[in-house]
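# output the structure for:
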Amino acid sequence: DHGIKLQEASDDNVIEDNACDGNRHTGIFLRTSTGNVIARNSCVANGQPGIYMQSSTRNTLDGNVVSGSSADWGIVLRDGSHGNTLTSNVVSENGNGIDLLSSDDNLLLDNTIRSNEHAGLTFENSKNNRALYNSVTMNRVGFSIGTHETGGVRVGDLSGNRLYGNAIARNETAGIDSEAAIEIDATLNWWGDRSGPQHASLNVGGRGDGLRDGVRFDPWMAARPALKWTESVDAGTTTRIDARCEANAEVTIATNSDGSGRVYLAEFPQNPGADLATDATIVGRWIDFATDIAEDGIEWPVTIRLY
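Have a look, this model is predicted:
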């Protein structure tokens, strides 16, 4: 019934380069499993989710292709699936894209979530998740926060979720649809147009994807970012990040004993909306530097050199 099934403490396995297609239930199923790497698998045309994770923590999903789960989700994390990392997956042409239900502290980075019938990415009763530099396009709704396309409102605790650097564009009815009781931080995303998202009162001239009240979107990115490099930085170190081949940039960052996390570098094709001094020298390169290291964990300044 399942293509590959791991359950009851099936930990630290590597599942890669498999075709898990056309199963009656899921392509890859994980329950109460930790530390697995699931990479470069094809999970196409399954009767239930392409990849399903229940009560599973600290797993890595990288470079998988998940499509054709027409009656269900492409990827599901639910019931305490905390601390997982989803990178560079392509999730398309499913009933819905990716669903986080009662799952916290996950990182969704550089995924392509497109052409799903309903929502691209849904947060339900899930907190402290980070969605960074994803392409969320051509779904009915880009991000659905606190709602479920077929099951009504499931709000719960949605605190601490961060949407940053995502391309949210060409979604049919809304870029973000939120039923959350708190304001959602969606500043510094690209909405498909330099003018920003459509909002009836807060951005009347916006020509990008629309959104409802309860979403903080200003400032936004006026150009689409492309993630080029990410690297982990340890506490109490000085790290030189050589991304000259990937982003024509080099970064030096020093941290104290409280500073550890990841650094992200992205490129823009044009000015993403920065205000420049009148005497600024324009070098024709636009770099986005972002980090999840706490501000007081960094020994400022951070040095960024362009080539």
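
# mind listing the strands for the stretch 201-307 of the chain?
With DSSP state E, counting those that start in this stretch, the ranges of strands along the stretch 201-307 of the chain come out as 215-216, 226-233, 238-243, 249-255, 261-268, 286-291, 298-306.

# adding mean neighbour count, mean pLDDT and distance to Ala131, write these out as CSV.
(C-beta placed from N, C-alpha, C; glycine too.) What follows is the strands of the stretch 201-307 of the chain, written out as CSV (neighbours: other CB atoms under 10 Å; pLDDT from 0 to 100; distance: least, CB to CB, whole Å):
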stretch, mean neighbour count, mean pLDDT, distance to Ala131
strand 215-216, 18, 94, 13
strand 226-233, 18, 96, 12
strand 238-243, 14, 96, 22
strand 249-255, 19, 97, 23
strand 261-268, 20, 96, 13
strand 286-291, 19, 94, 13
strand 298-306, 12, 95, 23
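
# closest one to His82 among those?
Comparing the strands of the stretch 201-307 of the chain by their distance to His82 (CB to CB), the top pick is strand 261-268, with 17.1 Å.

# can you list the strands that that closest one pairs with?
Based on DSSP bridges, the strands next to strand 261-268 in the sheet, each with its direction, are strand 226-233 (antiparallel), strand 286-291 (antiparallel).

# can I get the ones you listed in CSV with distance to Val204?
Formatted as CSV, the entries for the strands paired with strand 261-268 read as follows, by distance: least, CB to CB, whole Å:
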stretch, distance to Val204
strand 226-233, 29
strand 286-291, 27
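
# select, out of these, the one closest to Asn23.
Evaluated over the strands paired with strand 261-268, closeness to Asn23 peaks at strand 226-233, with 31.7 Å, by CB to CB.

# tilt between the closest one and strand 298-306?
Our comparison of strand 226-233 with strand 298-306, counting by axes from the mean of the first three to the mean of the last three CA atoms, to 10 degrees, yields an angle of 140 degrees.
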